[in-house]
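Q: next input, structure requested:
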Amino acid sequence: MTEAPSPPQGRRTVMPPCGGSAAFSREEKMTTLSIRSLLLTCAASCLACAATAEEYPYALPFNAGNEFSQLGVEWAESVAEATDGAVTFTPDFNGGLVSIPEALDAVGSGVVPSAMAVVSAMSGVVPSFAFIEMGGGMPTDTPPTEEAMTTIFPDIENLLDAQDVKALWIIPAFGGGLACRDGFIKTIDDWAGKKIRAAGRWQAKQVEALGGSPVALPASDIYTALQNGTVDCSLTVPTIFLASSMYEVAPYFSGYELTGNALITIVGKDIWDDLTDEQRETVDSLSAEMTVTGTKHLREINEAALEEVETTAKLYRVTPEDRERLARAWDPVFEELAAGISDDAGKSLIQKLSELRQ
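A: Numbers count the residues shown, from 1 in each chain. Presented below is the predicted three-dimensional model:
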């Protein structure tokens with residue numbers, strides 16, 4: 001066996017733990033105790049340096065090209081950059097990790113670390129969320145939606161905290177209107193007698209309040225239902241109208257400029273609690289910023305989509321006067337919902353949203 005070379009005499013350089021660039025010298029011979037102490041210190045330091053960054057799967061309900069998904073990716077990248085990769089949310093698209101209806105439960109139970117959850121899918125568990133789900137449940141311009149989101153977010157945090165999740169940021173769906181087979185729905189009188197696809201119980205009540213017949217259908221069946229005449233119209237937004245080629249079977253889009261429903265990025269409380277104070281502060285700050293910038297960006301995307309609808313299909317922009325008549329016709333539906341909310345956080349949310357609708 002080859003004998004190990006003897007260490008050089010005199011000045012001895014020892015590299016610090018984990019490959020640091022600084023060095024220190026020692027002229028005197030180390031004692032056995034000091035060597036053992038150094039080795040233990042080095043081992044502990046190297047274990048800390050070798051610790052891997054935390055990666056959390058981030059469930060997104062839509063494909064990578066969707067505008068909501070793109071904002072989710074942008075936020076995740078900003079978090080990773082701001083934390084030097086120590087906190088990384090890894091996007092997973094198209095509901096591959098969890099379906100839209102199961103997102104809240106999956107994150108709250110720890111099955112999925114984080115997700116972009118849809119308000120309409122959570123309203124069965126958090127009844128006050130139905131106010132946001134309904135068309136016109138959020139203001140568009142007075143005040144701007146981003147200001148309204150900031151106003152109601154503390155209540156949203158409280159409501160979701162009870163579900164064992166931490167709410168991080170929220171963005172709305174803009175431009176709600178009606179895609180129809182045979183003509184525009186210009187006034188509230190035009191809704192009467194129409195078979196209209198609605199998403200959820202409270203949207204169905206909105207259709208009924210105007211004399212229409214609500215039809216419950218999964219999103220995947222809307223195109224065929226319009227094509228076959230199972231429904232006359234569908235409540236939708238311009239981006240989905242275009243992305244799903246709905247204009248091929250329902251070329252008339254009545255733009256009511258309704259702001260409703262929303263998507264909330266949530267993370268499990270256990271994940272949140274494991275982050276350091278500094279990391280939580282960073283994620284909170286970036287999330288608050290995304291609520292504002294993301295909402296503004298979606299407003300711009302909606303306007304661009306409306307312009308495309310005008311060239312791809314047929315667009316009617318409903319007048320401000322008819323939008324106001326619609327809002328007042330729906331007041332009883334919102335009041336019915338409000339009357340059924342009994343918890344304090346839900347009442348606070350409803351009160352703020354009701355004031356914003358006035």
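Q: what about the helices in the stretch 201-350 of the chain?
A: Applying DSSP state H, counting those that start in this stretch to the stretch 201-350 of the chain gives helices spanning 201-209, 222-228, 238-243, 269-274, 277-312, 320-329, 331-339, 344-357.
Q: CSV please, covering those helices and showing mean neighbour count, distance to A262 and mean pLDDT.
A: C-beta: built from backbone N, CA, C; applies to glycine. Formatted as CSV, the helices of the stretch 201-350 of the chain follow (neighbours: other CB atoms under 10 Å; distance: least, CB to CB, whole Å; pLDDT from 0 to 100):
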stretch, mean neighbour count, distance to A262, mean pLDDT
helix 201-209, 21, 14, 95
helix 222-228, 17, 20, 97
helix 238-243, 21, 15, 94
helix 269-274, 15, 20, 97
helix 277-312, 17, 9, 97
helix 320-329, 14, 18, 96
helix 331-339, 16, 16, 97
helix 344-357, 17, 11, 96
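Q: now for those, which one comes closest to A80?
A: Evaluated over those, closeness to A80 peaks at helix 277-312, with 10.3 Å, by CB to CB.
Q: report all helices and strands that that closest one contacts.
A: Helices and strands touching helix 277-312, by 3 or more CB pairs under 8 Å, 6 or more residues apart in numbering; DSSP states H and E, are helix 67-82, strand 87-92, helix 145-161, strand 165-180, helix 238-243, strand 252-268, strand 314-317.
Q: who touches the third one?
A: Taking contacts as CB atoms under 8 Å, 6 or more residues apart in numbering, the residues outside helix 145-161 that touch it are 104, 126, 128-129, 138-139, 166-167, 170-172, 174, 259, 262, 264, 266, 269, 288, 291-292, 295-296, 299, 345-346, 348-349, 352-353, 356.
Q: could you do the first one as well?
A: Helix 67-82 has contacts (CB under 8 Å, 6+ apart) with 58, 60-64, 87-91, 93, 116, 169, 171, 239, 263, 265, 282-283, 286-287, 290, 294, 297-298, 301.
Q: returning to that earlier point: could you point out which of the helices and strands packed on helix 277-312 sits nearest L226?
A: Of all the helices and strands packed on helix 277-312, it is strand 165-180 that lies closest to L226, at 7.2 Å by CB to CB.
Q: and that closest one, what other elements does it pack with?
A: So strand 165-180, by 3+ CB pairs under 8 Å, 6+ apart, packs with helix 67-82, helix 103-108, helix 145-161, strand 233-236, helix 238-243, strand 252-268, helix 269-274, helix 277-312.
Q: so which of these comes closest to R197?
A: strand 233-236 (4.0 Å).
Q: average pLDDT for the closest one, rounded please.
A: If you average the pLDDT over strand 233-236, you get 97.
Q: do stretch 76-86 as well
A: Stretch 76-86 carries an average pLDDT of 98.
Q: now do the buried residues in that stretch.
A: Residues of stretch 76-86 classed as buried: 76, 78-80, 83, 86 (neighbour count, 16 or more other CB atoms under 10 Å).
Q: quick revisit: could the helices and strands packed on strand 165-180 be laid out in TSV, adding distance to S120?
A: Output for the helices and strands packed on strand 165-180, formatted as TSV (distance: least, CB to CB, whole Å):
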stretch	distance to S120
helix 67-82	13
helix 103-108	11
helix 145-161	14
strand 233-236	11
helix 238-243	13
strand 252-268	5
helix 269-274	23
helix 277-312	16
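Q: tell me which of the ones you listed lies nearest to E324.
A: Nearest of these to E324, taken as CB to CB: strand 252-268 at 11.1 Å.
Q: do I have it right that E336 meets R201?
A: No. With contact defined as CB atoms under 8 Å, E336 does not reach R201; the gap is 11.0 Å.
Q: could you list the low-pLDDT ranges of the stretch 51-200 of the chain?
A: The stretch 51-200 of the chain contains residues with pLDDT under 70 at 51-52.
Q: nearest to K314, of the buried residues of stretch 76-86?
A: Closest to K314, out of all of the buried residues of stretch 76-86 and judged by CB to CB, is A76, at 38.2 Å.
Q: right, I'll call it a day here.
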